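In: structure for the following, please:
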Amino acid sequence: MDGRRPGWRACVLSGAVFAVCMAGTTLPTPLYPLYQDKFGFSELTVTVVYALYAFAVIGVLLLVGNASDAVGRRPVLLCGLAFAALSAVCFLSAGGLGWLYAGRLLSGLSAGLFTGAATAYVMELAPEGGGSRATFVATAANMGGLGCGPLLSGLLAEYAPWPLHLPFVTHLALVAASALVLLRLAETVRERQPLRAVRPQRPALPPQVRSVFGPAATASFVGFALFGVFTSVSPAFLAESLDVDDHAVSGLIVALAFFSSTAGQLAVGRFGARRSLPLGCAGLLAGLALLAAALRWDQMALLVASAFVGGTGQGLAFRGALADVAGASPAHQRAAVISALFVVAYAGISLPVIGVGLLTGPIGLEGAGLVFIACMVVLVVTAAVYLVRRAAPARV
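Out: So this is what the prediction gives:
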């Protein structure tokens, strides 16, 4: 047992660094109403500011998503922490909308660098035979970190002074501590190459993956779109429709969706990867229905239930989608196929959210939300029907 402890300690510490970086990407969520009051911009601008993050993540995944395989995990992660620190500085210095755009762009660059490199680093630092537990650490760090961001900033904004500054000062301190931890951890890439060896990677889709990729990508798109709407417009919905101006409550509801996703991903071990994708689609449908009811009848309880049920469905669906796609992919193209799935997922965070922002002006937040939900329901039902038809011949 003693021989295993150092390995798990390093694995958990790297997971903590991962969580700190991801927390920074959702830190501004409960603060958007405060920025709207300060700078006087519309709900459309909020969704564009939020979506800019997703575009930056996609760009990094496509251009330098494989950088840590060449130059090493630690240099890439340190660069990601530097972008996270610069993002916090932008929000601290925000004197206009341009600072918010810059902060979200830098935050997306940070998350794009961390998404693949940190996941691989956590897995590689685990002791031999600990792959399953290491997957749990990486999953908890990713989604748990995303959930901790709005929870931390919401609590500080509501119960501490300087609501637009203290959350980012706190995050800067956590980033500095994470950099110190990272410098003490071992590098896991043995044969490193110069930076010029990094080449843009194009997502690949071999013929044997295409039948699996369609429903997996659709469910991933819808799940991430649900998260995108929750994190970008739920604070405005709480304030406008429910008269809830408590930033801690806003942050807690968004955090609940991410924490529920972590629980859903962990439940894959109980249900099995093959059943998780259709079960996740059912959870997403239920979450969307609850969200529609919350928008229609202005009910807080339904919004909370939507965060829990939809988040759990997203976790089940996304981990099931990853398992399906990875299992169908040839070994030498697996990373490229998974990158393609992440590109589709992050497109789900950005494009539908901007659509909701565009519709909010002419038909209001409730109408825009209902249109979004209707579109997502069509996509999920299409994926679910395909999965049922695919499973029927297998059972026969």
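In: what's the burial count for the closest residue to residue 334 other than its chain neighbours?
Out: Using Cβ to Cβ, 6 or more residues apart in numbering and skipping residues adjacent in sequence, the residue nearest residue 334 is residue 326, 5.8 Å away. Just so you know, the C-beta spots here come from the backbone N, C-alpha and C atoms, and that holds for glycine as well. Burial of residue 326 is recorded as 18 neighbouring residues (other Cβ atoms under 10 Å).
In: and the next helix or strand past the helix or strand containing residue 326?
Out: For residue 326, the element it lies in under DSSP states H and E is helix 300-328. Counting by DSSP H and E, the element after helix 300-328 in chain order, helix or strand, is helix 334-395.
In: what helices and strands are in contact with that next one?
Out: helix 43-64, helix 207-241, helix 273-297, helix 300-328 (3 or more Cβ pairs under 8 Å, 6 or more residues apart in numbering; DSSP states H and E).
In: report the buried residues of the third one.
Out: If you call a residue buried by 16 or more other Cβ atoms under 10 Å, then helix 273-297 has these buried ones: 273-274, 276-281, 283-295.
In: and for the second one?
Out: By neighbour count on 16+ other Cβ under 10 Å, the buried set for helix 207-241 is 209, 212-213, 215-241.
In: got the angle for the next helix or strand after that helix vs helix 207-241?
Out: The first helix or strand that comes after helix 207-241 along the chain, using DSSP H and E, is helix 247-266. Here helix 247-266 points in a direction 160 degrees away from that of helix 207-241 (axes from the mean of the first three to the mean of the last three Cα atoms, to 10 degrees).
In: contacts for the next helix or strand after helix 247-266, please.
Out: Once the chain leaves helix 247-266, the next helix or strand it forms, by DSSP H and E, is helix 268-271. By Cβ atoms under 8 Å, 6 or more residues apart in numbering, the surrounding residues in contact with helix 268-271 are 132, 276, 279, 315, 316, 319, 320, 323.
In: with only the CA atoms kept, save helix 268-271 in CSV.
Out: Written as CSV, here are the backbone C-alpha positions of helix 268-271 (Å, rounded to 0.1, in the frame of the first residue of the first chain):
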residue,chain,number,x,y,z
VAL,A,268,-21.9,4.5,-16.2
GLY,A,269,-20.0,1.8,-14.3
ARG,A,270,-23.3,0.6,-12.9
PHE,A,271,-25.4,0.7,-16.1
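In: quick one: that helix to chain centroid distance?
Out: Remark: helix 268-271 is offset 21 Å from the chain centroid, using Cα atoms, centre = their mean, to the nearest Å.
In: repeat that for stretch 252-269.
Out: 11 Å.
In: next, the buried residues of that stretch.
Out: Quick answer for stretch 252-269 (16+ other Cβ under 10 Å): 252-262, 264-268.
In: where does pLDDT dip in the chain?
Out: 1-7, 204, 331-332, 335, 390-396 (pLDDT under 70).
In: ok, now which ones touch residue 78?
Out: Contact analysis of residue 78 by Cβ under 8 Å, 6+ apart lists 179, 182, 183.
In: if any of those residues are buried, give me the ChimeraX selection for them.
Out: Buried residues within those, by 16+ other Cβ under 10 Å, are selected in ChimeraX with:
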select :179,182
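In: including distance to residue 379, could the contacts of residue 78 go into a markdown table?
Out: Shown next, in a markdown table, are the contacts of residue 78 (distance: Cβ to Cβ, whole Å):
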| residue | distance to residue 379 |
| --- | --- |
| 179 | 40 |
| 182 | 39 |
| 183 | 44 |
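In: looking at the contacts of residue 78, which are in helices?
Out: Under the assignment DSSP state H, these contribute 179, 182, 183 to helices.
In: ok, back up a step: just the buried ones among the contacts of helix 268-271, please.
Out: The buried subset of the contacts of helix 268-271 - by 16+ other Cβ under 10 Å - is 276, 279, 315, 316, 319, 320, 323.
In: nearest to residue 31 among those?
Out: Taking Cβ to Cβ as the measure, residue 31 sits nearest to residue 315 out of the buried ones among the contacts of helix 268-271, at 25.7 Å.
In: tell me who's in contact with residue 315.
Out: Applying Cβ under 8 Å, 6+ apart, the residues near residue 315 are 143, 260, 261, 262, 263, 264, 265, 266, 267, 268, 280.
In: let's have these in JSON lines, adding distance to residue 246.
Out: JSON lines is the format used below for the contacts of residue 315 (distance: Cβ to Cβ, whole Å):
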{"residue": "143", "distance to residue 246": "24"}
{"residue": "260", "distance to residue 246": "21"}
{"residue": "261", "distance to residue 246": "23"}
{"residue": "262", "distance to residue 246": "24"}
{"residue": "263", "distance to residue 246": "25"}
{"residue": "264", "distance to residue 246": "27"}
{"residue": "265", "distance to residue 246": "29"}
{"residue": "266", "distance to residue 246": "30"}
{"residue": "267", "distance to residue 246": "31"}
{"residue": "268", "distance to residue 246": "34"}
{"residue": "280", "distance to residue 246": "31"}
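In: of all those residues, which comes closest to residue 195?
Out: Comparing the contacts of residue 315 against residue 195 with Cβ to Cβ places residue 143 closest, at 30.7 Å.
In: the closest one sits in which helix or strand?
Out: Here residue 143, judged by DSSP H and E, is contained in helix 131-159.
In: since that was my last question, I'll sign off now.
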